[in-house]
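Chemist: Got a sequence here, can you model it:
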Amino acid sequence: MPQIEKPDDLHSIANLIRFFCVCTTIASMMEISQKRLAVNLTESLCALIWQTLHLAKTLSFTDTSMKMGNLSVNGLPEK
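Modeler: Here you go, the predicted structure:
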């Protein structure tokens, strides 16, 4: 096993350990942020779907079918 010959080696080893700790801390924080982002996006998507379904329920089907019945290929009302 090689001996540590210089105090600078100890300083370098300590810096590498600190760097490793900082990297693992950042990685875990990024993982938490990704999970939070996924949860927020999922909640937003669910809210948007719920609003869309609620809006679809409030529309009257007969109003839509009456409007569609007035359309024609040439732009003239059908009889």
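Chemist: going forward, measure contacts and count neighbours with C-alpha atoms only.
Modeler: Fine.
Chemist: What helix or strand is Trp50 located in?
Modeler: helix 7-58 (DSSP states H and E).
Chemist: helices or strands up against that helix?
Modeler: With contacts defined as 3 or more CA pairs under 8 Å, 6 or more residues apart in numbering; DSSP states H and E, helix 7-58 has no packing partner among the helices and strands.
Chemist: for that helix, what is the average pLDDT?
Modeler: Averaged over helix 7-58, pLDDT sits at 81.
Chemist: From Leu48, how far off is Met29?
Modeler: Look at Met29 and Leu48: by CA to CA, to the nearest Å, they are 28 Å apart.
Chemist: If you could redo that for Leu55, that was the one I meant.
Modeler: Taken as CA to CA, the span from Leu55 to Leu48 is 11 Å.
Chemist: Next: Phe20.
Modeler: From Phe20 to Leu48 the distance is 42 Å (CA to CA).
Chemist: Then Ala14?
Modeler: Counting by CA to CA - Ala14 and Leu48 are separated by 51 Å.
Chemist: same question, Cys21
Modeler: 40 Å.
Chemist: Could you do Ala27 as well?
Modeler: Counting by CA to CA, the gap from Ala27 to Leu48 is 31 Å.
Chemist: Same question for Asp9.
Modeler: For Asp9, the distance to Leu48 - CA to CA - is 58 Å.
Chemist: repeat for Glu31
Modeler: According to CA to CA, Glu31 and Leu48 sit 26 Å apart.
Chemist: hey, C-alpha coordinates of stretch 31-38 in CSV?
Modeler: As requested, the backbone C-alpha atoms of stretch 31-38 are provided in CSV (Å, rounded to 0.1, in the frame of the first residue of the first chain):
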residue,chain,number,x,y,z
GLU,A,31,-34.0,13.4,-8.5
ILE,A,32,-36.4,15.0,-6.0
SER,A,33,-36.9,18.0,-8.4
GLN,A,34,-37.7,15.6,-11.2
LYS,A,35,-40.2,13.7,-9.0
ARG,A,36,-41.9,17.0,-8.0
LEU,A,37,-42.0,18.1,-11.6
ALA,A,38,-43.6,14.9,-12.6
